[in-house]
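Student: Here is a sequence with its predicted model. Questions after.
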Amino acid sequence: MAQSFFAKDGTAQGVAKQRYIETLAKPEYRIINDPYSKSFVLGSGVIKLMGHKLNSWLSQKLAPGFHEHLISRTRFIDELVEKCSRDGKQQYVILGAGYDSRAHRLELSPSLKIFEVDQKEVQDRKLSKLPSEVPNSENITYVSIDFSNQSLSEQLLDAGFDQSKSTVFTLEGVAQYVSKEALTTTIKEVEILSKDSESIFFLSYVNELLSKNPEACFGKGYRNPEKKAALIQSLSEKAGEPWISLYSNEEIEDLLTLHGFSIEENITFSELNSRFFAPLGRDLPEDQIFKLEQLLVARS
């Protein structure tokens, strides 16, 4: 694979920050709860002092819907992984795990074996920030990999991955940062790992309409969509992780189909807005919908 997934941790910190902001909301009002997210956020004490409402208001001023989009993505994957665990999936592979904390904060089967895959320097940084005792740590295997010259399937198999066991794979918020060649190689590797069992594969990706027709990636009436699209990409680039790959729905779906996966779900924040936020009275109006990223679930 030509590129690594998390050479730096700027965006991983940014996503953890949004999880922490949401965790500060009142229990009956929040979409997700991640008590470990503060460990990865610079200035977490200040953020806590400001509270959920002020932080959310500032996020709305920067880019309406951005916070809600990231939190709904987190909740969507949370529910998917928990369902897979209840349904008897035996392994969970987190590709480009970064500062993911699902292994510690979700209600997962004690028999579910979890593999966190990333570069060693990122894993070392993560473990140095986590509390010394966290739930479910005995079920986690950290798989260090240099994506530029090591095979994902070989590294996982060497770490104890069992191709005969049903597995859920997640690749969250990564596709836009790596080359299309790198993503294709990863999907091929997941195909190899899934060849003897049924697997679920979650993948998020940014729609190519962001560069061709930005208005299509936001709700009707969203103010200055071109500027907001440019702002989000600029902030990521300043964090050292520019977006280099955008995809059409057809391109991604054809790629997965080619490698033995059938698409079960491919949605945007528009659907998640009514699913997660509306029941709490927090649903966003159309002119604040942020839907440039697709969330896809496929089955091998």
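Tutor: Nice, I can see it.
Student: what sits against His52?
Tutor: By Cβ atoms under 8 Å, 6 or more residues apart in numbering, the contact set of His52 is 21-22, 24-26, 30. (Glycine included, C-beta is placed from N, CA and C.)
Student: Let me have the residues you listed in JSON lines, extended by neighbour count.
Tutor: Rendered in JSON lines, the data for the contacts of His52 read as follows (neighbours: other Cβ atoms under 10 Å):
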{"residue": "Ile21", "neighbour count": "26"}
{"residue": "Glu22", "neighbour count": "25"}
{"residue": "Leu24", "neighbour count": "21"}
{"residue": "Ala25", "neighbour count": "20"}
{"residue": "Lys26", "neighbour count": "8"}
{"residue": "Arg30", "neighbour count": "18"}
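Student: Identify the farthest-apart pair in those residues.
Tutor: Largest separation among these by Cβ to Cβ: Ile21 and Lys26, giving 13.0 Å.
Student: Can you give me the buried ones in the helix or strand bottoming out on mean pLDDT in the chain?
Tutor: Lowest on mean pLDDT, DSSP states H and E among the helices and strands of the chain sits helix 225-238, with a mean of 89. Within helix 225-238, the residues that count as buried by 16 or more other Cβ atoms under 10 Å are 225, 228-229, 232-233, 235-236.
Student: Sketch out the low-pLDDT regions of the stretch 51-200 of the chain for me.
Tutor: Applying pLDDT under 70 to the stretch 51-200 of the chain flags residues 147-148.
Student: Which parts of it are strands?
Tutor: Using DSSP state E, counting those that start in this stretch, the strands of the stretch 51-200 of the chain run over residues 91-95, 113-118, 140-144, 167-171, 199-206.
Student: what helices or strands is the longest one leaning on?
Tutor: Packed against strand 199-206 by the contact rule (3 or more Cβ pairs under 8 Å, 6 or more residues apart in numbering; DSSP states H and E) you find helix 66-86, strand 167-171, helix 180-193, helix 249-258, strand 293-299.
Student: Can you give the strand pairings for that strand, parallel or anti for each?
Tutor: Strand 199-206 sits in its sheet next to strand 167-171 (parallel), strand 293-299 (antiparallel), going by DSSP bridges.
Student: Show me how far that strand is from its chain's centre.
Tutor: Distance of strand 199-206 from its chain centroid, counting by Cα atoms, centre = their mean, to the nearest Å, is 9 Å.
Student: and that strand with helix 225-238, angle?
Tutor: Put simply, strand 199-206 runs at 110 degrees to helix 225-238, going by axes from the mean of the first three to the mean of the last three Cα atoms, to 10 degrees.
Student: between strand 199-206 and helix 180-193, how many degrees?
Tutor: Here the directions of strand 199-206 and helix 180-193 differ by 170 degrees (the same axes, to 10 degrees).
Student: quick one: strand 199-206 to strand 91-95, angle?
Tutor: Strand 199-206 and strand 91-95 are oriented at 20 degrees to each other (the same axes, to 10 degrees).
Student: Alpha carbons only: can I get the next helix or strand after strand 199-206 in PDB?
Tutor: Sequence-wise, the next helix or strand downstream of strand 199-206 (DSSP states H and E) is helix 209-212. What follows is helix 209-212, C-alpha atoms only, in PDB (Å, rounded to 0.1, in the frame of the first residue of the first chain):
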ATOM      1  CA  LEU A 209     -19.800  16.200  -5.900                       C
ATOM      2  CA  LEU A 210     -18.000  18.200  -3.200                       C
ATOM      3  CA  SER A 211     -15.600  19.400  -6.000                       C
ATOM      4  CA  LYS A 212     -18.100  19.400  -8.900                       C
END
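Student: mean confidence score for helix 209-212?
Tutor: Helix 209-212 shows a mean pLDDT of 92.
Student: For that helix, which helices and strands make contact with it?
Tutor: Using 3+ Cβ pairs under 8 Å, 6+ apart, no helix or strand is in contact with helix 209-212.
Student: Taking the centroid of this structure, which residue is nearest it?
Tutor: Taking Cα atoms, centre = their mean, the centroid of the chain lies closest to Glu172, which sits 2.7 Å from it.
Student: Hmm, Phe76 and that residue touching each other?
Tutor: No - using Cβ atoms under 8 Å, Glu172 is not in contact with Phe76; the gap is 9.6 Å.
Student: Distance to Leu54 for the strands of the stretch 51-200 of the chain - can I get that in TSV?
Tutor: Formatted as TSV, the strands of the stretch 51-200 of the chain follow (distance: least, Cβ to Cβ, whole Å):
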stretch	distance to Leu54
strand 91-95	32
strand 113-118	33
strand 140-144	35
strand 167-171	31
strand 199-206	28
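Student: Okay then, goodbye and thanks.
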